[in-house]
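>>> have a look; sequence and predicted model below, questions after that.
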Amino acid sequence: MEVQEIADDRNATRREEQFFLELFQRVLILINRSRVSSDDISDGIEKIIAHFRERGPADACAVNNFLTLGDLLGYFYWSSPLSAGVTRNKMLVAIRNCEEFRSSLHRPLLKVVSVGGGTGSDIVGLYSALYEEECAFQSMDITLMDNNREWEPFHQVVETCLRQNDFGNASRLINIKRITSSFIYADLRNKGPAEWRLNLRLADIVWMKGVRSILRDDSERYMITAVSTENFSNYI
């Protein structure tokens with residue numbers, strides 16, 4: 001890339017990251033509805049950071065760590081901008097450097113599954129990258145799979161905010177493409193219902209969101225890797 005292109009790319013990244021912050025702050029306000037104080041949310045942020053430092057990702061993201069709305073909001077506010085930013089950057093690298101992957105984004109319908117996607121913050125980063133690279137697909141069907149049911153309303157509010165407001169590339173994409181999304185409660189450590197297994201088999205893209213890093217032992221990592229190798233057409 002030329003010097004000017006690099007500068008433009010960095011500026012675009014900064015703009016999108018600011019939109020991510022504004023989006024997730026708005027979602028937090030709408031979800032909270034003044035039920036939890038800012039101190040409680042700050043406590044939730046401190047708890048999740050401490051969990052990551054002391055126990056590692058496997059225990060930090062466990063469902064039983066989210067006992068209160070303050071815990072949920074704290075994790076959401078702390079992790080969502082990071083997740084969206086990382087996803088956006090990884091998608092841009094993949095699209096720009098892999099011709100096979102790039103060409104797959106120009107089919108009429110894209111089926112995307114986000115494993116462990118929680119609130120769908122990673123999907124916001126995906127939207128941003130797809131719009132920036134002018135991917136020519138017409139429709140996209142997104143399935144979020146997570147073992148914490150509490151994240152579903154967060155995802156719904158995120159999608160609504162994107163459609164009704166201007167939060168940069170993600171809002172632009174969701175308003176010019178036919179995009180549908182759904183949330184499935186699922187735990188890949190168990191066999192699970194046929195619904196989510198079928199979604200995995202039919203997906204064009206499966207976003208793993210570091211799923212192997214949050215598993216507790218090598219046997220679980222081996223199982224997830226085996227399932228992904230068998231069933232996933234493209235996975236990141």
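Looks like it arrived, so ask away.
>>> so where is this structure shaky, pLDDT-wise?
Under the criterion of pLDDT under 70, the regions of the chain flagged as low confidence span 1, 57-59, 188-193, 209-236.
>>> quick one: the helices in it, in order.
Assigned by DSSP state H, the helices in the chain fall at 3-32, 38-55, 57-60, 69-97, 99-104, 121-132, 152-164, 169-176, 194-202, 218-231.
>>> so of those, which one's packed in deepest?
helix 121-132 (a mean of 26; mean count of other C-beta atoms under 10 Å). Using the backbone N, CA and C atoms, a C-beta is placed for each residue, glycine as well.
>>> can you dump the C-alpha atoms of it in CSV for me?
What follows is helix 121-132 as a C-alpha-only set of coordinates in CSV (Å, rounded to 0.1, in the frame of the first residue of the first chain):
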residue,chain,number,x,y,z
SER,A,121,-20.7,-7.3,18.4
ASP,A,122,-18.4,-9.3,16.1
ILE,A,123,-21.2,-9.1,13.5
VAL,A,124,-21.0,-5.3,13.6
GLY,A,125,-17.4,-5.5,12.6
LEU,A,126,-18.3,-8.0,9.9
TYR,A,127,-20.9,-5.5,8.5
SER,A,128,-18.3,-2.7,8.5
ALA,A,129,-15.7,-4.7,6.6
LEU,A,130,-18.2,-6.0,4.0
TYR,A,131,-19.4,-2.5,3.3
GLU,A,132,-15.9,-1.0,3.0
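>>> before we move on, back to that, the helices of the chain: which one's closest to residue 184?
Residue 184 sits nearest to helix 194-202 of all the helices of the chain, at 5.0 Å, using C-beta to C-beta.
>>> distance from the chain centre to the closest one, please.
Here the centre of mass of C-alpha atoms in helix 194-202, compared against the chain's by C-alpha atoms, centre = their mean, to the nearest Å, lies 19 Å away.
>>> what is that helix packed up against?
Helices and strands in packing contact with helix 194-202 are listed as strand 109-115, strand 139-146, strand 178-185, helix 218-231; criterion 3 or more C-beta pairs under 8 Å, 6 or more residues apart in numbering; DSSP states H and E.
>>> which outside residues touch the first one?
Where contact means C-beta atoms under 8 Å, 6 or more residues apart in numbering, the residues beyond strand 109-115 that reach it are 120, 122-123, 126, 137-145, 188, 199-200, 202-209, 211.
>>> change it to 7 Å
Residues external to strand 109-115 that are found in contact with it (C-beta atoms under 7 Å, 6 or more residues apart in numbering): 120, 122-123, 137-145, 188, 199-200, 202-209, 211.
>>> try the second one
The contact list for strand 139-146, computed with C-beta under 7 Å, 6+ apart, reads 108-118, 120, 123, 155, 177-184, 186, 196, 199.
>>> and with 6 Å instead?
By C-beta atoms under 6 Å, 6 or more residues apart in numbering, the surrounding residues in contact with strand 139-146 are 109-118, 120, 155, 178-184, 186, 196, 199.
>>> nearest spatial neighbour of the spatially most central residue of the chain, skipping sequence neighbours?
For the chain, the residue nearest the mean C-alpha position is residue 122 (2.0 Å; C-alpha atoms, centre = their mean). Nearest in space to residue 122, with sequence neighbours left out and distances taken as C-beta to C-beta, 6 or more residues apart in numbering, is residue 87 at 4.2 Å.
>>> list the contacts of that neighbour.
With contact taken as C-beta under 6 Å, 6+ apart, residue 87 is in contact with 122, 125-126.
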